[in-house]
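K.L.:
build me a model from this:
(chains A and B)
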Amino acid sequence: MRVGVVTFPGSNDDRDALHAVAVMGGEPVALWHNDADLKGVDAVVLPGGFSYGDYLRTGAIARFAPVMGAVCDFAESGGPVLGICNGFQILCEAGLLPGALLRNSGLAFICRWVHLRVESAQSRWSRAARLGEVIRIPIKHGEGRYYADAETLKSLEDNDQVVLRYCDESGRVTEEANPNGSFGNIAGIRNSSGNVLGMMPHPEHAVDSLLGPTGGRAIFGSLISEHLAGVGR
Amino acid sequence: MSAAEATSSAPGYSQLGLKPDEYEEICRVLGREPSTTELAMYSVMWSEHCSYKSSKVHLATLPTKGPRVLMGPGENAGIVDVGDGLAVTFRIESHNHPSFVEPFQGAATGVGGIVRDILAVGARPVAIMDSLRFGDPTDALTRHLVRGVVHGIGQYGNSIGVPTVGGELRFDPCYAGNPLINALCVGVLPADRILHGRADRVGDVAILLGAKTGRDGIGGVSVLASATFDEESQAKRPSVQVADPFREKLLIEACLELAEKRLLQGLQDLGGAGFTCATCETASRGHRGMRVWMDRVPLRESSMEPFEVAMSESQERMLAIVAPSNAEEVEAICAKWGVPATRIGEVTEGSILEVHWKGEIVASIPARSLADEGPVYERPMERPEWLDRVQATDLSRLPVPEDLGEALVKILSDPNQADAAWVYEQYDFLVQHNTLEGPTGDAAVLRLPNSSRGIAISTDGNGHYSYLDPYTGAALSTAEAARNVACTGAQPVAVTNCLNFGNPENPNVMWQFAEVIRGMGDACRSLGTPVTGGNVSFYNETSGEAIHPTPVVGVLGLLEDVERRCGNAFRASGDAVWLLGPTMVEFGGSEYSRVIHGVLGGLPPSIDLDLEARLHKLLVESISAGLLSSAHDLSEGGLGVALAESAIAGGIGADLHLPQRKAPHVWLFSESASRVLVSVCPEAEDDLRAMADRWEVPALRLGQVGGDRVNIDGVLDLSVTELGEARRSPLPRLMSEGL
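P.N.:
You can find the predicted model right below:
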């Protein structure tokens, strides 16, 4: 499976995402912000970083990059798209996912390993996970507080679109386990058809056992693995 | 000299920080009075910060050569051969004064500057570390500085995608008026692709890359970095540079692509002394001259005068030296990354740096005289008379606390020993997917690309020890940084140093400096770790009050196999706990004396450098043989703090028995050097003992890992949770005060 990773000016985790794709057995393909050609990839990852410096609202400029038109078309025709951190922010700005990411409630950037509970296995990016499973993936962001209006939140919940929630070690979704004040402890959501996932935690940093826990395998493995049962973590 | 300068409002030499005899020397070199632009150029290049004029004679005594050293001091950063065709470069630099004047920008640009030094040798920056020292954290100004500096470092490092993997955070009243912000960067590059900051081929083009030049940072190295502080210093804020990490990120990627495609003949960052430094240093190293058209430099403000352009320290700029045939390709790659590239000069025969401005020559100076032939001083030195009194402090009279558990909790909750998560969680320590051990390790450990090898890096300094005895203090700091590296299983291979001192014109300060260099040199020779580069920061004093002499040492270690490394957390119940190294009654400069008794006096711990070196061999060998479950260096706070940290990190307790031959408080809180707390599975104990005997390192079995309490029979009994809470809560509590 060929997985494209877009590099915007200011992307930082693009090389990490390419590496994670390779570790998981996919074929990594580098995509460029200024090039509308997706090179025939089977899936697209928008990586973390600070696209265009994020000096305006996060992701607000990146959504206008030439590549994004192609990504939106790709997503709308059912192609799998994963937005990680800044990529999630870009997906929200581009209207592929509802809501927005606000400044963390503690006002500081946080880099930390967190526990996440898998809330929906009904997405192209979480189908290898077990419902209710607790995985460990790190977060690293200053603006990761998921926000949406009450109606949108309700619709996300009703339609099983919340994919990941911050929780404690034993899977309890508590206020203490919420690192950034996200509404409903939401760490990741999918679109209604399940091919687009946006998440603040960084699964690309959690696929290589040499570096630590491997909760990210549930995400990349859902996409890449041909034999879902074989996704180890 | 030229009409362009006739209306100049330029300052005179003394305002630029030059001394009368230095001005005379400039006239002698030139055979005439300097022009305004020339004077500005000399003032920055001959500043203490750039010329090392007070430190040069002492630095020359440090060992700088070794089998692994590919490039030593004198270039942008030292480079070490790590095998598998790879080289590692690293350097540490101070940004103390700018960070006091404007903490956020000062710290951010400190990171940006050291990253560009690493970039200049053609390496990808792979890690940042920060050694931070502030005044009393209960003081509101200190907290403001801490917040600003940490935010600035985080914002910059996070935005450019280089992980900040560790560092230090210390508080002492001596830094209240002069915090220390020392930033270290590590880079990795193919060993056959080292770039030099050199212009050695006549006809090559000098291309200025990156941001436009503005009026920020004018005189940063001279007016700000090479003078002491007083009440007027806040007015120096315009001398602080302004950071744009996004520009830096693009500059990094563009330069790395240029380096990978081998399109560069030389590369140099524009940092301290900006345009002047980059042009004269590249020309001087290449034994050539350079003709530059400075009016081609893209400016933020068109009204800038030539002397301002020459001195500006605007950030995120590099100077590339390129063969004319490659210039167009260089420009195309820069355009792809959105990095402005401007041809501003050419390499010439001879040795003159010739600066043109709007059709006139505003400077014509032998490049060497600016870059390498600045003044050199052998400043007078005198041992401070107060030192005898301080060293004579009798620590044996200090009353031993009745409850040693309570004393340990008190030390653990001191801001100097408390958990620094409040700081390091604001830094991305994961990006680039190489971080095997991050900020919680004894040293940070990174894997190398396409290699089974890794590197370990640690920064350490101890102003208290160096205040009591600068020679021993420097040796202890060097040994500690190397020991931290060895505790991961890596062999220490090289040193970079950041030497923070008061005013070198004060003979007492100069004596401290010379002693520190002597101590560091001896330690580096014994430990086999040559000094590959670094930075001297003098004039760290405010209104006549100097900081403690504070050498900060960065040690790089080489890990043969990343699968065979060691952490500092207790791992398994039933593992035996051993103490490697000898314990003596040594409380001078200790946390026990300071935190429990409020005393800073006596002599710092003694150090046997041969024993230290053998201890490192023992660690590397035993870890590589897979014997150790954990290894944790004993330093500030002694065994008590190390034991608590290993237990907290592992979430598991220990049951220990201390031999009777010394009082329990000595075992717990003495800071004798060359010691490591290890845990080892019972089957490996005999091997460890035999190995320790062979390396002639004393080894003592203290007990075993297990349970949820740290129990030392009859002395203390505390739960791991209590210990963890003691360490975890102080910084967040302090830093949220007044918000």
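K.L.:
tell me the centre residue of chain B?
P.N.:
A centroid search over chain B (Cα atoms, centre = their mean) returns residue B:92, at 3.3 Å, as the residue closest to the centre.
K.L.:
pretty sure it contacts residue B:128?
P.N.:
No. With contacts counted by Cβ atoms under 8 Å, residue B:92 stays clear of residue B:128, the gap being 10.3 Å. Every residue, glycine included, has its C-beta placed from N, CA and C.
K.L.:
number of nearby residues for residue B:346?
P.N.:
For residue B:346, the count of nearby residues is 18 (other Cβ atoms under 10 Å in any protein chain shown).
K.L.:
next one: residue A:113
P.N.:
Counted with other Cβ under 10 Å, the neighbours of residue A:113 add up to 15.
K.L.:
need phi/psi at it.
P.N.:
The phi and psi values for residue A:113, taken as degrees, to the nearest 10, are phi -80, psi 130.
K.L.:
swap in residue A:169?
P.N.:
Dihedral angles phi and psi of residue A:169 (degrees, to the nearest 10) take the values phi -50, psi -40.
K.L.:
so what's it up against?
P.N.:
Shown here is residue A:169, whose contacts under the criterion Cβ atoms under 8 Å, 6 or more residues apart in numbering or on different chains are A:115, A:134.
K.L.:
returning to that earlier point: quick check: beta-bridge partners of the residue nearest to the centre of chain B?
P.N.:
Using DSSP bridges, the bridge partners assigned to residue B:92 are residue B:184.
K.L.:
residue 164 bridge partners, please.
P.N.:
Since no chain was named, I'll use chain A. The bridge-partner assignment for residue A:164, based on DSSP bridges, gives residue A:118, residue A:188.
K.L.:
the chain in question should be chain B.
P.N.:
According to DSSP bridges, beta-bridge pairing links residue B:164 with residue B:128.
K.L.:
write out the residues of chain B neighbouring chain A.
P.N.:
Taking Cβ under 8 Å from any Cβ of the partner chain as the test, the list of chain B residues beside chain A reads B:151, B:154-155, B:158-161, B:244-246, B:249-250, B:337-338, B:424-436, B:447, B:562-563.
K.L.:
so of those residues, which ones are in helices?
P.N.:
Per DSSP state H, helices hold the following members of the residues of chain B next to chain A: B:151, B:154-155, B:158-160, B:245-246, B:249-250, B:424.
K.L.:
where does chain A come near chain B, residue by residue?
P.N.:
Residues of chain A lying close to chain B (Cβ under 8 Å from any Cβ) are A:9-13, A:15-16, A:19-20, A:48-50, A:52-55, A:108-112, A:138, A:140, A:142, A:202, A:204-205, A:208, A:210-211.
K.L.:
ok, of those, which come out buried?
P.N.:
A:9-13, A:15-16, A:19-20, A:48-50, A:52-54, A:108-111, A:138, A:140, A:142, A:202, A:204-205, A:208, A:211 (16 or more other Cβ atoms under 10 Å in any protein chain shown).
K.L.:
quick check: the residue of the stretch 251-400 of chain B nearest chain A.
P.N.:
residue B:338 (5.9 Å; Cβ to the nearest Cβ).
K.L.:
about what we covered before: contacting residues for the residue nearest to the centre of chain B?
P.N.:
Taking Cβ under 8 Å, 6+ apart as the criterion, residue B:92 is in contact with B:114, B:129, B:131, B:182-184, B:459, B:496-498, B:534-535, B:552, B:554.
K.L.:
distance of it relative to residue B:461?
P.N.:
Here the criterion is Cβ to Cβ, to the nearest Å. By it, residue B:92 lies 10 Å from residue B:461.
K.L.:
check the offset of stretch B:175-184 from the chain's centre.
P.N.:
Between the centre of stretch B:175-184 and the centre of its host chain there is 11 Å, according to Cα atoms, centre = their mean, to the nearest Å.
K.L.:
about what we covered before: pLDDT value on the residue of the stretch 251-400 of chain B closest to chain A, please?
P.N.:
Looking at residue B:338, its pLDDT reads 96.
K.L.:
residue ranges with poor pLDDT in chain A?
P.N.:
For chain A, applying pLDDT under 70 flags the ranges A:226-233.
K.L.:
where do the helices sit along it?
P.N.:
Along chain A, the segments classed as helices by DSSP H run A:14-23, A:66-76, A:86-93, A:150-158, A:216-224.
K.L.:
same question, the stretch 601-739 of chain B
P.N.:
Secondary structure of the stretch 601-739 of chain B (DSSP state H, counting those that start in this stretch): helices located at B:609-624, B:638-650, B:664-669, B:685-694, B:720-728, B:730-736.
K.L.:
residue B:375 touches residue B:52, doesn't it?
P.N.:
No. Using Cβ under 8 Å, residue B:375 makes no contact with residue B:52, being 10.2 Å away.
K.L.:
settle it for me: which of those two has more neighbours?
P.N.:
When residue B:375 is set against residue B:52 and neighbours are counted by other Cβ under 10 Å, the residue ahead is residue B:52, at 20 against 16.
K.L.:
now do the contacts for the more buried one.
P.N.:
Contact criterion Cβ under 8 Å, 6+ apart gives B:59, B:536 as the residues in contact with residue B:52.
K.L.:
how close does it sit to residue B:271?
P.N.:
According to Cβ to Cβ, residue B:52 and residue B:271 sit 15 Å apart.
K.L.:
what do you get for residue B:592?
P.N.:
Separation of residue B:592 from residue B:271 (Cβ to Cβ) stands at 41 Å.
K.L.:
more neighbours, these two?
P.N.:
For residue B:592 against residue B:271, the residue with the higher neighbour count under other Cβ under 10 Å is residue B:592, and the figures read 29 against 26.
K.L.:
OK, contacts around the nearest residue to that one once chain neighbours are set aside?
P.N.:
In space, residue B:592 comes closest to residue B:669 once its chain neighbours are excluded; the distance is 3.7 Å by Cβ to Cβ, 6 or more residues apart in numbering or on different chains. Under the criterion of Cβ under 8 Å, 6+ apart, the contact list for residue B:669 reads B:407, B:411, B:587, B:590-592, B:596, B:637-640.
K.L.:
tally of neighbours for whichever residue of the stretch 201-350 of chain B sits closest to chain A?
P.N.:
Here the stretch 201-350 of chain B gets closest to chain A at one residue, residue B:246, 3.0 Å apart by Cβ to the nearest Cβ. The burial count assigned to residue B:246 is 20, neighbours taken as other Cβ under 10 Å.
K.L.:
over to residue B:112?
P.N.:
The local packing count at residue B:112 equals 28, with neighbours defined by other Cβ under 10 Å.
K.L.:
how close does it get to residue B:158?
P.N.:
If you go by Cβ to Cβ, the gap between residue B:112 and residue B:158 works out to 13 Å.
K.L.:
ok, now residue B:666?
P.N.:
Separation of residue B:666 from residue B:158 (Cβ to Cβ) stands at 44 Å.
K.L.:
and the contacts of residue B:669, which two are furthest apart?
P.N.:
Set against one another by Cβ to Cβ, these have their most distant pair in B:596 and B:639, with a gap of 15.1 Å.
K.L.:
got a list of what residue B:515 touches?
P.N.:
Under the criterion of Cβ under 8 Å, 6+ apart, the neighbours of residue B:515 are B:469-471, B:474.
K.L.:
go with 6 Å
P.N.:
B:470-471 (Cβ atoms under 6 Å, 6 or more residues apart in numbering or on different chains).
K.L.:
does it sit in a helix, a strand or a coil?
P.N.:
Using DSSP: H, G, I helix; E, B strand; the rest coil, the three-state assignment for residue B:515 comes out as helix.
K.L.:
where in chain B is pLDDT low?
P.N.:
Low-confidence segments of chain B, defined by pLDDT under 70, are located at B:1-10, B:220-239.
K.L.:
do that again at 80, thanks
P.N.:
Applying pLDDT under 80 to chain B picks out residues B:1-11, B:217, B:219-241, B:714, B:738-739.
K.L.:
I'd say residue B:218 and residue B:311 touch.
P.N.:
Yes. The pair residue B:218 and residue B:311 qualifies as a contact (Cβ atoms under 6 Å) at a distance of 5.0 Å.
K.L.:
higher neighbour count, these two?
P.N.:
Neighbours were tallied for residue B:218 and for residue B:311 using other Cβ under 10 Å; the higher tally belongs to residue B:311 (30 against 24).
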